[in-house]
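[1] Provide a 3D model corresponding to the input given below.
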Amino acid sequence: MNESSEILKILRPIIRGSGIIAVCILLAFLLGQRSLLYSTAQFQSVAILRLDDKSGFTENNLYKDLDYFSSKKNIDTEMETMKSFQILEKVAEKLDFQQRYYRKGLIKTKELYNDSPFLLINLKTSPSLLGEKIQLNFISTDTFELKIPNEGGFLTQKGSWDEILKNPNFQWIIRKNQSFWAKQKAPNLKDTFFFEILSQEQEIQLIKENLQITPQAEDIPILRIAYTSPVPEKAPMIVNTLCEVYIEDYILYKIGASQKTLTFLDQRIKDMGIQLQKAEANIESFRLKNGIINTRQETETGLRRTAQLRTLLANLDMEMASLDSINKNVQSDTIRLETLSLNTNMTVGLLFTDLIKRLETYRAEKRELLTRYGPQHEEVQNIDQNIADILRYIKRSIAQNQKEIAIKRASIAKEVQEAERQFETLPSKERQLIILQRDFQLLQNSYNFLNEKRIEAEISRHATIAFHRILEEGKTPRKASSPNITLVLVVSIFLGLVTGLVIVYFRQFFYGKVEEISTIEKYTDQAVLATIPHMPKGEIEIKGLLNTLYQQGSLQKGNMVAVTSCGAKEGKSFISQKLCLQLNQLQQNVLFIRCNLDPKRKSAKGLWEYLQSPQSEIIANKKENISFMNLGNYPSEEQLFLHPNFKTRIAALCQQFDLIIVDFPPLKSDSLMTVFLQECHCILYVIRYNHTAISKLENISYFKNKYQLKQLETVFNDQQSYRRSLIAKFKNSIVGFTKK
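    Numbers count the residues shown, from 1 in each chain. As a prediction, this is how the structure comes out:
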């Protein structure tokens, strides 16, 4: 139940202000329609372009291997390229939209494309008129008048079809658009037409402002190219031309790059050939100068030759040693055949061996002869002579062999030195040769590489193929892309609803009315004495109020009850009168005092006269047991409420009547009526449902505390149930809106 009450509490301002909300929604809807009427329709055409997803212009390695062509393309780069001045300049040159025609209506100005009744031939236009709108008014079907901006004013010039219009700032020919005049009758002569001539920069800027290039999806090389124009025929022409120009520029750029590459490669190949020839000449000169044919083979041959020579030296040394040993034996006469070694035989040869054998033979014969003869025998002497001859010959042979071996050894040693001398400069020569060969190899590789690239560049130059592809061409739109009628109207209605809600809750916050007892108790810090339910017009139910007053003891004999409120139409007078009538039915002698402080409503007799003389006639009217009294003809409020006899005379009235009901005017700050209220036994402060402002509730505590009005009680008048209140307010809002 509490949740339902809270929801109804939140919705109550909306239902009560439903009329305001409806008016706001209607006004917003009408404003939305009006904005649609005044806005210029924009038509959008979209083309889809797939980009080349390779890292270079082609799939070969021509541009991948050269640093100049190694930059990677990306989608953002291509988007900016398409929006560049160079590309848009070519688009503008192809389309030639520099001349634009307009018709000015009562509501808006419309751009004409093929529907212009005239065509302009621009022979000359000064820069000051570029981008300016020149007005054209028809005088007749064949004549017209131009209004040309000129130094803050307008220059008027009349002309006719195909006439050359001359001026220092322009030279134009205006012709009749035959296709337009053939399709329909002559235009309304009252219409106002304009035309403007744009510079190429202005046209490019206008295209760029209405051009949108976005990727179809992230990291996918597909672009969405959209152009918005008030003329539906222009939009597809621009997007399609842009795609074509971009692809053509791509091909031309590729061909131009290939041509530049060819020129560069040809020059480099020529330079590289010259350097290669120089490198070859350097190697040849170095080889000739140093006698080098094949360094490796020559080195191996030299090493083998040196080893052989050293082996020969070793052999000669061994032979020399053998000869020395034989020579010692010969000198000591101890040489024997068995003492000759294999090396000795190899050294002295077979002749020397024969001599030794003959020597041994002579020695054997000598020993045999000595057995028969003496040493002086002739035969023994002959044998000794033969032995001496053989020994002498052996000695000469050994000496000759030693000499020959020494000469031969010296010659071989010299050859060894010469053979080893070539290895002393070998590292330096080999290093220099390696450097020369390396330079030659680098130049040769570069030369071969450049020739390969030249072939690829030649192929690329003749391959006029674009790897970009138009997936979808722009088409002439049938419906305007903006303004979006549905969206504008929905947003207008929504804004109207929001505005209405803001106004309703703003009014509720600053001008909120009391609708609940809890609100009264919250701001007054006291309980409501009684509630008076909502009744049909002219009726009121106060039995509950009477019972509460009786139970409280406020209706004892001689008591005075005051009924007041914070403002007019709270129901205080009606309640006070009904109290008197109910008390009259209970046979109570009641005095009803009307405290009307309006100077125009003063009466001839009343409370003032009673204060002056108790015997004076003060009763203005009497109905059964009810006596009616006014304030009388009092001079001022101060003299009335501050009269010396005021309290005693009021006390006398309380003794004279059973009950006194006082109808007080609305309470005001620093009012002298509080003197009268202080004499009352009960003060009923009437608060009316949905009428009393919440901000006025704070005055109750203020008056009660400032003037010590402890007897002040609150009464909630015209209370309604939540559902009944909401339905009633909704009906009232609808009725009020219908009347408006």
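[2] Now do the same contact list for the closest residue in space to residue 694 that isn't next to it in sequence.
    Nearest residue to residue 694, sequence neighbours excluded (Cβ to Cβ, 6 or more residues apart in numbering): residue 512, at 4.5 Å. Every C-beta, even on glycine, is put in place using the N, C-alpha and C of the backbone. For residue 512, the contact set (Cβ atoms under 8 Å, 6 or more residues apart in numbering) comprises 693, 694, 695.
[3] Just the buried residues from those, in ChimeraX please.
    A single ChimeraX command selects the buried members of these (16 or more other Cβ atoms under 10 Å):
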select :694
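[4] so where's the stretch 351-500 of the chain shaky on pLDDT?
    The stretch 351-500 of the chain contains residues with pLDDT under 70 at 351-352, 419-434, 464, 466.
[5] An error on my part: the question was meant for the stretch 501-650 of the chain.
    For the stretch 501-650 of the chain (pLDDT under 70), the answer is 508-511, 536-540, 615-618, 620-621.
[6] can you map out the strands along it?
    In order along the chain, the stretch 501-650 of the chain carries the following strands (DSSP state E, counting those that start in this stretch): 530-533, 559-565, 590-594, 621-623, 626-629.
[7] what about the residue nearest to residue 694, distance to residue 691?
    12 Å (Cβ to Cβ, to the nearest Å).
[8] Tell me the spacing between residue 287 and residue 280.
    Counting by Cβ to Cβ - residue 287 and residue 280 are separated by 11 Å.
[9] swap in residue 367?
    Residue 367 is 84 Å from residue 280, by Cβ to Cβ.
[10] With just CA atoms, put stretch 222-231 into PDB.
    C-alpha atoms of stretch 222-231 as PDB (Å, rounded to 0.1, in the frame of the first residue of the first chain):
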ATOM      1  CA  ILE A 222      37.300  -1.300 -47.400                       C
ATOM      2  CA  LEU A 223      36.200   2.400 -47.400                       C
ATOM      3  CA  ARG A 224      32.700   3.900 -47.300                       C
ATOM      4  CA  ILE A 225      32.700   7.100 -49.300                       C
ATOM      5  CA  ALA A 226      29.600   9.200 -48.700                       C
ATOM      6  CA  TYR A 227      28.700  12.600 -50.100                       C
ATOM      7  CA  THR A 228      25.700  14.800 -49.000                       C
ATOM      8  CA  SER A 229      24.200  17.300 -51.300                       C
ATOM      9  CA  PRO A 230      20.800  19.200 -51.600                       C
ATOM     10  CA  VAL A 231      20.800  18.000 -55.300                       C
END
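[11] what does that stretch rub up against?
    40-51, 75, 78-79, 82, 110-111, 113, 207, 210-216, 234-235, 238-239, 242-243, 471, 474, 481-482.
[12] hmm, 6 Å instead?
    40, 42, 44-47, 49-50, 111, 113, 210-214, 216, 235, 238-239 (Cβ atoms under 6 Å, 6 or more residues apart in numbering).
[13] if you look at those, which of them are in strands?
    Using DSSP state E, the members of the contacts of stretch 222-231 that fall in strands are 44, 45, 46, 47, 49, 50, 111, 211, 212, 213, 214.
[14] now those residues: which count as buried?
    44, 45, 46, 47, 49, 50, 111, 211, 213.
[15] for those, which one is nearest residue 577?
    residue 44 (73.9 Å; Cβ to Cβ).
[16] what pairs with the closest one across the strands?
    residue 228 (DSSP bridges).
[17] I figured it hits residue 480, correct?
    No. The criterion here is Cβ atoms under 6 Å, and residue 44 misses it with residue 480 at 8.4 Å.
[18] how close does residue 279 sit to residue 134?
    74 Å.
[19] again, but for residue 452
    Counting by Cβ to Cβ, the gap from residue 452 to residue 134 is 62 Å.
[20] Could you do residue 646 as well?
    Counting by Cβ to Cβ, the gap from residue 646 to residue 134 is 90 Å.
[21] between those two, which one's more packed in?
    residue 134 (21 against 17; other Cβ atoms under 10 Å).
[22] What are the contacting residues of the helix or strand where that one lies?
    Secondary structure from DSSP states H and E places residue 134 in strand 133-138. By Cβ under 6 Å, 6+ apart, the list of residues contacting strand 133-138 from outside reads 144, 145, 146, 147, 148, 189, 193, 194, 195, 196.
[23] so which one among those has the lowest pLDDT?
    Minimum pLDDT across the contacts of strand 133-138 is recorded for residue 189, with 71.
[24] thinking again about what came up before, got the strands of the stretch 501-650 of the chain as JSON lines, with distance to residue 319 and mean neighbour count columns?
    What follows is the strands of the stretch 501-650 of the chain, written out as JSON lines (distance: least, Cβ to Cβ, whole Å; neighbours: other Cβ atoms under 10 Å):
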{"stretch": "strand 530-533", "distance to residue 319": "156", "mean neighbour count": "19"}
{"stretch": "strand 559-565", "distance to residue 319": "159", "mean neighbour count": "23"}
{"stretch": "strand 590-594", "distance to residue 319": "174", "mean neighbour count": "23"}
{"stretch": "strand 621-623", "distance to residue 319": "183", "mean neighbour count": "11"}
{"stretch": "strand 626-629", "distance to residue 319": "179", "mean neighbour count": "20"}
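[25] Redo these as TSV? Include distance to residue 371.
    Below are the strands of the stretch 501-650 of the chain laid out as TSV (distance: least, Cβ to Cβ, whole Å):
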stretch	distance to residue 371
strand 530-533	190
strand 559-565	194
strand 590-594	209
strand 621-623	217
strand 626-629	214
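[26] more crowded one of residue 367 and residue 280?
    residue 280 (14 against 10).
[27] ok, for the more buried one, nearest residue in space, not its chain neighbours?
    Per Cβ to Cβ, 6+ apart, closest to residue 280 is residue 440, 6.5 Å.
[28] Summarise which helices and strands the host helix or strand of that neighbour is packed against.
    Element membership of residue 440, judged by DSSP H and E, is helix 426-462. In this structure, helix 426-462 packs against helix 234-290, with contacts taken as 3 or more Cβ pairs under 6 Å, 6 or more residues apart in numbering; DSSP states H and E.
[29] can you rerun that using 10 Å?
    helix 234-290, helix 295-332 (3 or more Cβ pairs under 10 Å, 6 or more residues apart in numbering; DSSP states H and E).
[30] quick one: which of these has the weakest pLDDT on average?
    helix 295-332 (a mean of 73).
[31] just checking, what packs against that one?
    helix 342-370, helix 378-421, helix 426-462.
[32] now the last one and helix 234-290, what's the angle there?
    Translated: helix 426-462. 160 degrees (axes from the mean of the first three to the mean of the last three Cα atoms, to 10 degrees).
[33] Which parts of helix 426-462 count as buried, going by neighbours?
    So helix 426-462, judged by 16+ other Cβ under 10 Å, has buried residues 429, 433, 436, 439-440, 443, 447, 450, 453-454, 456-458, 460-461.
[34] Given the next helix or strand after it, what are its sheet partners and their directions?
    Later in the chain than helix 426-462, the nearest helix or strand by DSSP H and E is strand 469-472. Partner strands for strand 469-472, per DSSP bridges, with pairing direction: strand 43-50 (antiparallel).
[35] Dump the partner strand to PDB, keeping only the CA atoms.
    These are the backbone C-alpha positions of strand 43-50, laid out as PDB (Å, rounded to 0.1, in the frame of the first residue of the first chain):
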ATOM      1  CA  PHE A  43      20.600  13.600 -50.200                       C
ATOM      2  CA  GLN A  44      23.400  11.200 -49.500                       C
ATOM      3  CA  SER A  45      25.000   8.700 -52.000                       C
ATOM      4  CA  VAL A  46      27.500   6.000 -50.800                       C
ATOM      5  CA  ALA A  47      30.200   4.200 -52.800                       C
ATOM      6  CA  ILE A  48      32.200   1.300 -51.500                       C
ATOM      7  CA  LEU A  49      35.900   1.000 -52.400                       C
ATOM      8  CA  ARG A  50      38.200  -1.900 -51.700                       C
END
